[in-house]
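Engineer: my questions are about this predicted structure, shown below with the sequence.
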Amino acid sequence: MRRHDRTYPQGEIHRPVLDSRLLLGNPQGDPTRRELPIYTPPGWNGGTRLPLLVDMVGFYGSGLSHVSFRSVGENVPERLDRLIGEGAMPPVIVAFPDCATRLRGNQYINSAALGRYADFIIDEVVPFVEKTYNCGGEGKRGCFGKSSGGYGAAWHAMERPDIWSAAAINSADMCFEICYLPDYYTTLDVLKPYDYSIEAFIKAFEAKTKPSPAERTAMMILCMAAEYDPDPSAYLGIRLPGDPHTGELDPLRWGNWQRHDPVNMVENRFDALRGLKLLYLDCGWRDQFRIHYGMRRFVRKLEAAKVPHLYEEFDDDHSDIDYRMDRFLPLLAQALS
């Protein structure tokens, strides 16, 4: 792999391919054959069982994007080489699953409209990597992610503490009425020229060479509808959570979204989170999607329940904050080593 800085010993990127049986028949028609980049640290020979970290990448991304060349700054393998080379963190193995979908993103959960992506990670990715690279195992697995990936890390930490022993949740989608609803109304405006037809919009989006920022936002919100409130009878399983003309929310449909909101989920998941070796959270206090308000509500509930955690706010927004990995990757590796 091409590196900017060769000061530190270099790890290796392996590129096995998984043929997923759990993604077979997914409603979006997305590929079931997925490349799975794996980072092994410098000097790795499989003799020592290292911790396993799984990277859950944000919306409009994929695990493949975190190992690709960057003209400015470091990709994740370069960052790992530096952090390990500096002695800031012990060596780990990192998996970068490709969970991209036709709807351009993923929340890393099971959805009747998108596919069984939580099962794909837990029942296919993790066992394959652990067997092939002699890593992870009980007490030595962690996940991390930002934005949609941060949502995934939060969901997995709360729902599957039998699998994960540590999680880093970076600027994660939560408090849906704050982080999603403003963009939901933007989505309705985008759909208006298509007579609110989701099918017509998506087909037009896919034909465009350069969708606008508003159109990209609309695609993201439609993907969230497919994740949180799938309707198999609708086009691609997507149904809006309310009246597109007035913007009024349907209590039943919006209630389905809210059941997936980490701020609501956490009230029944405190015991699961107490068992983690590390629960790390952070967010910029100028996040343009207003996610810091949701993170604060989530953390306040952790505090009230006396769930051990570490929360940090920093002076930045939602974009280009990979540098925060310098903070939480060492914490994850140390907790699991």
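Structural biologist: Sure thing, it's come through.
Engineer: residues in contact with Ile291?
Structural biologist: Neighbour list for Ile291: Ser147, Ser171, Ala172, Asp173, Met174, Cys175, Ile178, Cys179, Cys283, His318 [criterion: Cβ atoms under 8 Å, 6 or more residues apart in numbering]. Any C-beta I mention is one placed from the backbone N, CA and C, and that applies to glycine too.
Engineer: any chance of these in TSV, with secondary structure and distance to Phe205 too?
Structural biologist: Converted to TSV, the contacts of Ile291 look like this (DSSP: H, G, I helix; E, B strand; the rest coil; distance: Cβ to Cβ, whole Å):
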residue	secondary structure	distance to Phe205
Ser147	coil	20
Ser171	coil	25
Ala172	coil	26
Asp173	coil	21
Met174	coil	26
Cys175	coil	27
Ile178	helix	26
Cys179	helix	22
Cys283	strand	29
His318	coil	22
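Engineer: which one of those residues is nearest Leu310?
Structural biologist: Comparing those against Leu310 with Cβ to Cβ picks out Cys283 as the nearest, at 12.6 Å.
Engineer: spit out the contact partners of the closest one.
Structural biologist: Asn170, Ser171, Ala172, Ile291, His292, Met295, Glu313, Phe314.
Engineer: Gly137 now?
Structural biologist: By Cβ under 8 Å, 6+ apart, the neighbours of Gly137 are Arg49, Leu52, Glu130.
Engineer: and the second one, how many neighbours does it have?
Structural biologist: A count of nearby residues for Leu52, using other Cβ atoms under 10 Å, gives 23.
Engineer: over to it: give its phi and psi.
Structural biologist: Per-residue torsions, Leu52: phi -110, psi 130 (degrees, to the nearest 10).
Engineer: going forward, begin numbering at 20 instead of 1
Structural biologist: Noted, 20 is the first residue going forward, which turns the last one into Leu71.
Engineer: tell me the helices and strands packed up against the lengthiest helix in the chain.
Structural biologist: Ranked by residue count, the top helix of the chain under DSSP state H comes out as helix 232-247. Contact here means 3 or more Cβ pairs under 8 Å, 6 or more residues apart in numbering; DSSP states H and E; on that basis helix 232-247 packs against helix 200-210, helix 217-226, helix 270-278.
Engineer: and the ones you listed: which comes nearest Gly77?
Structural biologist: helix 200-210 (14.8 Å).
Engineer: quick one, that closest one and helix 217-226 angle?
Structural biologist: Computed by axes from the mean of the first three to the mean of the last three Cα atoms, to 10 degrees, the angle separating helix 200-210 from helix 217-226 equals 90 degrees.
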